[in-house]
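S.K.: my questions concern the predicted model and sequence given below.
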Amino acid sequence: MSDLIVKAAVKEALEGNNVSADFYDALNEEVEELLEEAAERADANDRKTVQPRDL
C-alpha cells in the first residue's frame, strides 16, 4: 500500500521533537493495520461504509 501519512503533517504535529526516518514507516504500517481492521468490522456488520465506530 502507498504512504497513508503526510510526513510534513506528522513533523508539524510533533513540533519540538525530533522524528527518526524509520518512524514514518512504522506509523504508516500502524495506520494501514487500523484501516484494515476498520474495514473488517464494517464488513462484519454488513456495511460497505466504514464509520468512526469501526475504529
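M.R.: Everything's here; your move.
S.K.: and residue 42, how many residues sit next to it?
M.R.: By other CB atoms under 10 Å, the residues close to residue 42 number 16. Glycine gets a C-beta too; all of them are placed from N, C-alpha and C.
S.K.: so what's it up against?
M.R.: By CB atoms under 8 Å, 6 or more residues apart in numbering, residue 42 lies in contact with 48, 49, 50, 51, 54.
S.K.: by neighbour count, which of those residues wins?
M.R.: residue 54 (18 neighbours).
S.K.: can you name the residues that contact that residue?
M.R.: Contacts of residue 54 (CB under 8 Å, 6+ apart): 37, 38, 39, 41, 42.
S.K.: buried subset of these, written for ChimeraX?
M.R.: Entered in ChimeraX, the line below selects the buried ones among the contacts of residue 54, by 16 or more other CB atoms under 10 Å:
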select :38,42
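S.K.: just the ones of the contacts of residue 54 in strands?
M.R.: Using DSSP state E, no member of the contacts of residue 54 falls in strands.
S.K.: can I get the contacts of residue 54 in JSON lines including distance to residue 17 and pLDDT?
M.R.: Formatted as JSON lines, the contacts of residue 54 follow (distance: CB to CB, whole Å; pLDDT from 0 to 100):
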{"residue": "37", "distance to residue 17": "27", "pLDDT": "98"}
{"residue": "38", "distance to residue 17": "27", "pLDDT": "98"}
{"residue": "39", "distance to residue 17": "31", "pLDDT": "98"}
{"residue": "41", "distance to residue 17": "32", "pLDDT": "98"}
{"residue": "42", "distance to residue 17": "34", "pLDDT": "98"}
